[in-house]
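Colleague: Predicted model and sequence follow; I will ask about them next.
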Amino acid sequence: MRRLLSLAFFVFAMQAVAQTPLPKLEPLPEPPPPPPGMMDESLEPQITIKRRGEDKIEEYRINGKFYMVKVTPPHGVSYYLIDDNGSGNWVRQEITSPNLRVPMWVVGSF
């Protein structure tokens, strides 16, 4: 009897929910463009994609400075070669590595 009563309550509740009108939704306006001078193209990395054998190699540069390489073999996991401080010492960084990489941006250079 309790099951029948709970089923009847559920059916009436669903009918009540189905009869409530949905609010009228309106599309969001387009976001405004960024202010002039905020988009500095020199801060965007330049990516050069090359093929060496079957490997896909992506070279990343900022302001002409070569700082990172992403190597994607045809079968296997991609990995990065990173030059953290510009000394020419490259460190291999796996994508699945548990190491935490803190974002590093150049705020200004003199």
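Modeller: Here it is on my side, so go on.

Colleague: Do a quick rundown of the helices in the chain.
Modeller: 2-19 (DSSP state H).

Colleague: okay, and for the protein, where does confidence drop off?
Modeller: 16-20, 39-42, 95-102, 104 (pLDDT under 70).

Colleague: just the strands in it please.
Modeller: Along the chain, the segments classed as strands by DSSP state E run 46-52, 55-62, 65-72, 79-82, 91-94.

Colleague: would JSON lines of those with mean neighbour count be doable?
Modeller: Bear in mind the C-beta positions are built from the backbone N, C-alpha and C, glycine included. As requested, the strands of the chain are exported to JSON lines (neighbours: other Cβ atoms under 10 Å):
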{"stretch": "strand 46-52", "mean neighbour count": "10"}
{"stretch": "strand 55-62", "mean neighbour count": "15"}
{"stretch": "strand 65-72", "mean neighbour count": "16"}
{"stretch": "strand 79-82", "mean neighbour count": "16"}
{"stretch": "strand 91-94", "mean neighbour count": "12"}
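
Colleague: Would you mind saying which of those strands lies nearest Phe9?
Modeller: strand 91-94 (55.5 Å; Cβ to Cβ).

Colleague: closest to Leu7 out of the strands of the chain?
Modeller: That would be strand 91-94 among the strands of the chain, by Cβ to Cβ, at 54.7 Å.

Colleague: Against which helices or strands is that closest one packed?
Modeller: Judged by 3 or more Cβ pairs under 8 Å, 6 or more residues apart in numbering; DSSP states H and E, the packing partners of strand 91-94 are strand 79-82.

Colleague: The strand it packs on pairs with which strands?
Modeller: Here strand 79-82 is paired, per DSSP bridges, with strand 65-72 (antiparallel), strand 91-94 (antiparallel).

Colleague: Fine, thanks again, bye for now.
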